[in-house]
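Participant: Sequence first, then the predicted structure, then my questions.
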Amino acid sequence: MWDYSDKVKDHFLHPRNARVIEDANAIGDVGSIICGDALRLMLKINPTTNVIEDAAFQTYGCGSAIASSSALTEMLIGKTLEEAEKITNQTIVDYLGGLPPEKMHCSVMGREALDAAIANYHGKSYEQAHDDGEIVCHCFGVGINKIKKAVWENHLTTVEEVTNYTKAGGGCQSCHMRIEEIIDEVWVDLEKCGVPRPGFTPTPIQGIKINVSTEPAVSASGAALDETTLKSPIYDKAVSVINEVAAGLKKDGSDAELVAIAGDTVTVKLSGAVAVGLMQDMTLSFIAKKLTEAVGHDVKVVVR
């Protein structure tokens, strides 16, 4: 018997915003009834302020899918698009007080619906905005990039966990070996970024040597950093975090360097494999997470 929190039960028995928004200007459709879960998220966004004024959903699925969708709409109303984009599947889970491991895919579906709705608002399809790559699990139509993202963001280590979050591997099981390979591939990159893999001895990352100099600070490419960046209260921590990440990336021929800091927005330059596509998104997300932890408040990381 799965253990559900009181909040999950409440959102399942009394779902919020389970309705249609007739004048919605952002609609996200994800999932498939054939696969057992489908969700339509509807948003009414103020085009002047980018504030989400209303959110509603229709879903076909289990109690956890209903609860996750209901919670997501409550979290979205009143937020700007920029704030909404920071919501992850774990944010939804935390809001609900937890979900059984076997139901984590419901929170992932909520996050995907939000991505799809935001893409729709900007005149794109979910497929145009998010390339899932080659299909790994043909039973549930799950692509390699979706699996990589789930492993990266949630630090998954087993096929069973991947199935819980994405449904991949939950059918005929012929893709299990490939999923194990993908898990290993992602953890190579996570380990290089300083994340220890449970049960594994991490590959040593070369220490960072800090030279004290009276010369003007420059980026790794030799470009002088502006005065605003140098005087930023988060400058030292930003340099430390970005250098730590860069030290791991350089082993694969990639790099990350600080370009500028304006308030709580840090601009970086990426090169190599991490400078494009999904790897760019994951690297920026990882740097932002490390910086947020280091400075104690949200930091936005953008690429030049």
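Facilitator: Everything's here; your move.

Participant: contacts and neighbour counts: CA atoms only from here.
Facilitator: Will do.

Participant: Render the CA-only coordinates of the helix or strand harbouring L291 in PDB, please.
Facilitator: Assigned by DSSP states H and E, L291 belongs to helix 277-295. In PDB, the C-alpha atoms belonging to helix 277-295 read as follows (Å, rounded to 0.1, in the frame of the first residue of the first chain):
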ATOM      1  CA  GLY A 277      21.400  21.800 -26.500                       C
ATOM      2  CA  LEU A 278      20.400  19.900 -23.400                       C
ATOM      3  CA  MET A 279      24.000  19.900 -22.000                       C
ATOM      4  CA  GLN A 280      23.900  23.700 -22.000                       C
ATOM      5  CA  ASP A 281      20.600  23.800 -20.100                       C
ATOM      6  CA  MET A 282      21.800  21.200 -17.600                       C
ATOM      7  CA  THR A 283      25.100  23.000 -17.000                       C
ATOM      8  CA  LEU A 284      23.400  26.400 -16.500                       C
ATOM      9  CA  SER A 285      20.900  24.800 -14.100                       C
ATOM     10  CA  PHE A 286      23.700  23.100 -12.200                       C
ATOM     11  CA  ILE A 287      25.800  26.300 -11.800                       C
ATOM     12  CA  ALA A 288      22.700  28.200 -10.700                       C
ATOM     13  CA  LYS A 289      21.900  25.600  -8.100                       C
ATOM     14  CA  LYS A 290      25.500  25.600  -6.800                       C
ATOM     15  CA  LEU A 291      25.500  29.500  -6.700                       C
ATOM     16  CA  THR A 292      22.100  29.700  -5.000                       C
ATOM     17  CA  GLU A 293      23.400  27.300  -2.300                       C
ATOM     18  CA  ALA A 294      26.600  29.300  -1.900                       C
ATOM     19  CA  VAL A 295      25.100  32.700  -1.600                       C
END
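
Participant: which is the next helix or strand following the least confident helix or strand in the chain by mean pLDDT?
Facilitator: Averaged element by element with mean pLDDT, DSSP states H and E, the chain has its least confident helix or strand at helix 126-129 (a mean of 58). Remark: after helix 126-129, the chain's next helix or strand is strand 135-137, criterion DSSP H and E.

Participant: Remind me what that following strand packs against, helices and strands.
Facilitator: strand 142-143 (3 or more Cα pairs under 8 Å, 6 or more residues apart in numbering; DSSP states H and E).

Participant: Direction included, what does the strand it packs on pair up with?
Facilitator: strand 135-137 (antiparallel) (DSSP bridges).

Participant: How far off centre is the partner strand?
Facilitator: On the basis of Cα atoms, centre = their mean, to the nearest Å, strand 135-137 sits 20 Å off its chain's mean C-alpha point.
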